[in-house]
Structure formats: structure tokens, C-alpha cells
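Trainee: kindly generate the corresponding structure for this input.
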Amino acid sequence: MVAKDMVWLRYLTFLLLLCGISFFPNSASAQAESDVQSYIKSGQYEQALELGRELKTADSLSLASEALARQIMLGESDAPQLRAKQARDLAQRALKLNPDHPNARLQYVVTDGFVARYTGDVAAWFKKLPQKSLEHIQAYRTDFPQEARGDALMGAWHLEIARKAGAENGEKWFGARIDYGKGFFEQALQRDPTDLIMRVNYAFAIIALSHEGAIKKSDLTRAKSILADLELEETSDDLSQKMFQKAKIAESLFEDPDALKDYVNAFLEGEPT
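Mentor: Numbering: from 1, shown residues only. Take a look at the predicted model:
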């Protein structure tokens, strides 16, 4: 009986190998995906994009999307509107392979937000892009309730619409409110007070809205405090290092409110800063 089982197992393994399937993990592919992660950590985003596309796995495609998203966030993309769409497409491809892939889900929400940001106000309104982005964020928060980034994304949605459309129109057209945005961001930072990217984005979003009546002097004090209290760990990746540098530039501009606001708005538009 044992001998027959062994013969059958060998035969099954032979058939699987003929079909390109193995019982054993593809160590070469795993190493290559690790290389994509290393490229991202060191800021070699084009290399990460190229290799991630080449591997065509859910992991690699989501990382390729993340590489583009980081370039856009840092103002290092030559064509942010086009790159945002490419990044979202890569996240979609990853989700077709694995609909529940955590990073693919996150990157889809992030890059979909970028696409909405770079679409003109009128076109975004007709296409209902802000509403669709909100639905994606809400779905992410529902499926990954443990992720503080879900709260931060919700906060960013409210504050970004207020920045782009104005507080009054943002609330009237889309239901976006500055107080809601602040609340969601504060909740995110309570859950993960060490996340440098969330902290910088929150502070910059507040500063960009400094002309709005809903932003008080205490809010700007809060933003300045967030930037002043940032700490950079020795193991920080390229994104964290560069975001830290941008935060310190912003902190140095608080004595010149117009220059400060121009700087953070340029950052939020994906321009070099």
C-alpha cells in the first residue's frame, strides 16, 4: 500500500511539474519580490516599478504601485496625473490576482485618491470621483479595522476636498467637513502615534487650510507641534527620511505664513519641494 502511494505521489508530482506547478515555494520569485521591497526602501523607485511589473504577482504588482505612489507623494514624478492612473492600474491588477491582498487594497485607495486629486474640479464632480474614493476608503476601513491608516485616509479625504473645493462647497457638494477630517486624523494618531507619514500629512493638510474659518490658531499650533516632535529612526526608509526633511523645511517657515502655505500646497499637489 505504501509503495502504491509513493508511485502515485511521484506520478502526481510529475504531472504538476509538467503544468508548471510545484509543491515547493518559488524561492527565486520570493527573492525577487524581496528585491522589489529593498528597492522601495532605498528609494530606487524606477527599479522597483520595473521588477514589480516583470514578476506579475499580487505582491510585486502592489509594490510596483506603491513605488509610483511614493514618487507622486514626494514630488519626484515627471507626470503625476499619468503616473497616478498607472499606479491605480497596477493595484487593480494585483487585486485581480488576490482580491484580499492588504497592500494592494491600500495602494488602490491611495492611488485612486491621487487620480481624483489630479482631475479637474468640474470633471471630478461629473464623474463623482470623490464619492467613489470615499466608498473605497470606507470599504478598506471595514475590511481592515485594525489599520490606523484607514482613519488617516478618511481624514485626508475630508481635508483634501475642503482644500480643493473650499470648505463651504466641499460640505455642500460632497459632505466633506474639516472638523470630521481633523477628528479622523486625531483618531489615527492615537492608534499609531509613531507613524511619521500620517503625522506629516495631517500637519500639512491643516496648514493648507489655514485660511478657512474652521481652522483655529490652536489647530496651527497643533500642526507646528506635530512637526516639531517628529523623530527619525536610524532604520527609516527613503520615504520617511524625505518626509522628515520636508517637515523640517515647513517648520522653519512658520514665521512666514504665506511661504509656509505655498510650500505645503506645492507638496500636496505633487510638485517638487
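Trainee: how many other residues sit next to residue 99?
Mentor: Neighbours of residue 99 under the rule other C-beta atoms under 10 Å: 10. The C-beta positions use only the backbone N, C-alpha and C, and glycine is treated the same way.
Trainee: look up how far residue 143 lies from it.
Mentor: According to C-beta to C-beta, to the nearest Å, residue 99 and residue 143 sit 10 Å apart.
Trainee: equivalent analysis for residue 100, please.
Mentor: Residue 100 is 8 Å from residue 143, where distance means C-beta to C-beta.
Trainee: just the buried residues of stretch 206-214, please?
Mentor: Neighbour-count burial for stretch 206-214 flags 206-210, 212 (criterion: 16 or more other C-beta atoms under 10 Å).
Trainee: what's the burial count for the closest residue to residue 164 other than its chain neighbours?
Mentor: Distances taken as C-beta to C-beta, 6 or more residues apart in numbering place residue 121 nearest to residue 164, at 6.5 Å, with adjacent residues excluded. Burial of residue 121 is recorded as 13 neighbouring residues (other C-beta under 10 Å).
Trainee: pLDDT value on residue 121, please?
Mentor: Residue 121 carries a pLDDT value of 77.
Trainee: how does this protein divide into domains?
Mentor: 29-118, 146-273 (automatic domain parsing).
Trainee: just those domains: most buried one?
Mentor: domain 29-118 (a mean of 20; mean count of other C-beta atoms under 10 Å).
Trainee: quick one: mean pLDDT for that one?
Mentor: On average, domain 29-118 scores 96.
Trainee: again with stretch 252-261
Mentor: 97.
Trainee: could we number from 25 for the rest of this?
Mentor: In the new count, where the first residue is 25, that last one comes out as stretch 276-285.
Trainee: so how far is that stretch from its chain's centroid?
Mentor: 26 Å (C-alpha atoms, centre = their mean, to the nearest Å).
Trainee: before we move on, back to that, what's the most distant pair in the buried residues of stretch 230-238?
Mentor: 231 and 236 (11.2 Å; C-beta to C-beta).
Trainee: any idea how far residue 225 is from residue 267?
Mentor: 8 Å.
Trainee: ignore the last one, residue 107
Mentor: Distance from residue 107 to residue 225, counting by C-beta to C-beta: 19 Å.
Trainee: and stretch 271-285, how far apart are its ends?
Mentor: Counting by C-alpha to C-alpha, to the nearest Å, you get 13 Å between the two ends of stretch 271-285.
Trainee: what's the answer for stretch 233-247, then?
Mentor: Span of stretch 233-247 from end to end, C-alpha to C-alpha: 11 Å.
Trainee: tell me the contacts of residue 74?
Mentor: By C-beta atoms under 8 Å, 6 or more residues apart in numbering, no residues touch residue 74.
Trainee: which SSE is it in?
Mentor: Residue 74 belongs to helix 69-79 when assigned by DSSP states H and E.
Trainee: quick check: next helix or strand after that helix?
Mentor: helix 82-97.
Trainee: coming back round to it: ok now the helix holding residue 74, how far from the chain's centre?
Mentor: When distances are taken as C-alpha atoms, centre = their mean, helix 69-79 is centred 17 Å away from the chain's centroid.
Trainee: hey, C-alpha coordinates of it in PDB?
Mentor: What follows is helix 69-79, C-alpha atoms only, in PDB (Å, rounded to 0.1, in the frame of the first residue of the first chain):
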ATOM      1  CA  TYR A  69      11.500  53.500  -7.300                       C
ATOM      2  CA  GLU A  70      12.000  53.000 -11.000                       C
ATOM      3  CA  GLN A  71      13.900  49.800 -10.400                       C
ATOM      4  CA  ALA A  72      11.100  48.700  -8.100                       C
ATOM      5  CA  LEU A  73       8.500  49.500 -10.700                       C
ATOM      6  CA  GLU A  74      10.300  47.600 -13.500                       C
ATOM      7  CA  LEU A  75      10.900  44.500 -11.400                       C
ATOM      8  CA  GLY A  76       7.500  44.500  -9.800                       C
ATOM      9  CA  ARG A  77       5.800  44.700 -13.200                       C
ATOM     10  CA  GLU A  78       8.000  41.900 -14.600                       C
ATOM     11  CA  LEU A  79       7.200  39.400 -11.800                       C
END
